[in-house]
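*Asks:* Requesting a structural model of the entry that follows:
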Amino acid sequence: MTTRLNDEVSMSDPGDVLAALPHMLGFHPTDSFVLVTLHDLTATPRFGMTMRVDLPCPTRACAFGDFLLAGPLSMQNAEAVIMVVVGDKPNRSACPESCGSLCHEADETDSDCDPPMFDLIESARTTLLRSGIAIAHALHVPKVEVGEPWRCYYDEDCRGVVADPKESQMGAVMAAEGSVTFGSREELRELVAPESAEVISRWSAKLDALTEDAIDSYDPSRVTEDLRKVFGAVQRIAAGSALTEDDLLGVLRAVSDVQIRDIVMALSLTELARPAEELWLTLVRKSPEPELVEVAALLAFSAYVRGEGALAGVALERIGEVKPGHNLARMLRRAMDAGIPPAELAAIARHSVDDVQLMLGEDGSC
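*Replies:* The predicted structure follows:
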């Protein structure tokens, strides 16, 4: 997403940054701390990673900067950051029971004085400055919605109202690309939620039958045939053709094989990335639990290397509900938590391009 941000969002205009936040994250943040890294400030400044975390317990504000440095910022080499607090109230629900009354003391801020949660911003600012990271903007906004007032924490004259994110330059670009910005993270979770109990039950029975048939009729060329099946399905989607339920079941059974899964990850690095991701999303919504984890991992990987970390995150949540110790999901989660750039993570799939050509022929055709 870095290129689009550099072209369409002004670093010097806080209002422009706020209007872009939903598009940068993939959904409208609420009760959140959002941080955007900035790079190459002495040459051609550019945006880097955008991260969002829940507001912390008020009593843990003093350690919040250390949390940022130890986690997502550790690998970014950021020269500066933009910090945004979204929300008016401290997140007391994040406090442990042992916190007691300390977490429930009033924390109301006079609107004519400092914006809410100034202590949180000041703690993060002090820690980041000590580490050599400058603060380009520190902003507060109750909600990232049209007409909501925003303020800067360290400049009384720096304030305004949120423009319509849908009408921002960033919004127009992403709409033209077919990207969707969700109203909340819950809406994003609904995108990967199970379609219906009836569909999942029917698919489970059919997959059991397919698995038994595969065991009874072992074929050493099955891996190659399964690869052809998956790539053929993706090409048909790219051409605008519909897949039958049997087509989808065949692909799901194929990618449940880790060897097949690892090879078809390479699709996320090709011109077929979008139709492949569409296929993975369809299968995630219809898959029974045993088969869900591998196709959800494909969706998470594809979304992450495309710069859609929020979608990758909810796909990983689905895997965590079924198989918390899943190796690829665990690796992807660690990469996201560490803020590894999508381009670097994509390297793990590049070798698969060669595997595909070896198994399907020199030209890689299906």
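
*Asks:* Look at residue 211 and report its pLDDT.
*Replies:* pLDDT recorded at residue 211 is 75.

*Asks:* for the helix or strand containing it, packing partners?
*Replies:* Secondary structure assigned from DSSP states H and E places residue 211 in helix 197-216. If you count contacts as 3 or more C-beta pairs under 8 Å, 6 or more residues apart in numbering; DSSP states H and E, helix 197-216 packs onto helix 245-255, helix 273-286. (Each C-beta comes from the backbone N, C-alpha and C, glycine too.)

*Asks:* Any chance of CSV for these, columns distance to residue 203, mean pLDDT and mean neighbour count?
*Replies:* Shown next, in CSV, are those (distance: least, C-beta to C-beta, whole Å; pLDDT from 0 to 100; neighbours: other C-beta atoms under 10 Å):
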stretch, distance to residue 203, mean pLDDT, mean neighbour count
helix 245-255, 6, 94, 20
helix 273-286, 6, 94, 22
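
*Asks:* closest one to residue 14 among those?
*Replies:* helix 273-286 (32.9 Å; C-beta to C-beta).

*Asks:* and after the closest one, which helix or strand comes next?
*Replies:* helix 289-305.

*Asks:* Which strands or helices does the very next helix or strand once past that next one pack on?
*Replies:* Scanning forward in sequence from helix 289-305 by DSSP H and E, the next helix or strand is helix 309-322. Here helix 309-322 touches helix 185-191, helix 289-305, helix 327-338, going by 3+ C-beta pairs under 8 Å, 6+ apart.

*Asks:* possible to save the ones you listed as JSON lines with distance to residue 206, mean neighbour count and mean pLDDT?
*Replies:* JSON lines is the format used below for the helices and strands packed on helix 309-322 (distance: least, C-beta to C-beta, whole Å; neighbours: other C-beta atoms under 10 Å; pLDDT from 0 to 100):
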{"stretch": "helix 185-191", "distance to residue 206": "24", "mean neighbour count": "16", "mean pLDDT": "84"}
{"stretch": "helix 289-305", "distance to residue 206": "11", "mean neighbour count": "24", "mean pLDDT": "93"}
{"stretch": "helix 327-338", "distance to residue 206": "25", "mean neighbour count": "17", "mean pLDDT": "87"}
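
*Asks:* Of all the residues in stretch 230-248, which ones are buried?
*Replies:* Under the neighbour-count criterion of 16 or more other C-beta atoms under 10 Å, stretch 230-248 has 230, 231, 233, 234, 236, 237, 238, 243, 247, 248 buried.

*Asks:* give me the low-pLDDT residue ranges for this structure?
*Replies:* 1-12, 72, 94, 97-112, 165-183, 212-220, 352-366 (pLDDT under 70).

*Asks:* 50 instead, please
*Replies:* 1-8, 103-111, 362-366 (pLDDT under 50).

*Asks:* center of the protein - which residue?
*Replies:* When C-alpha atoms, centre = their mean is applied to the chain, the residue found nearest the centroid is residue 309 (1.6 Å).

*Asks:* quick one: contacts for that one?
*Replies:* 25, 26, 50, 303, 336 (C-beta atoms under 8 Å, 6 or more residues apart in numbering).

*Asks:* how about the strands of the stretch 51-200 of the chain, start to end?
*Replies:* According to DSSP state E, counting those that start in this stretch, the stretch 51-200 of the chain carries its strands in the segments 80-86, 134-141, 149-152, 159-161.

*Asks:* how far off strand 80-86 does the second one point, in degrees?
*Replies:* Okay, so that is strand 134-141. 10 degrees (axes from the mean of the first three to the mean of the last three C-alpha atoms, to 10 degrees).

*Asks:* mind listing what strand 134-141 pairs with, with the direction of each?
*Replies:* Sheet pairing of strand 134-141 (DSSP bridges) gives strand 80-86 (parallel), strand 149-152 (antiparallel).

*Asks:* Tell me which of these is the most buried.
*Replies:* strand 80-86 (a mean of 22; mean count of other C-beta atoms under 10 Å).
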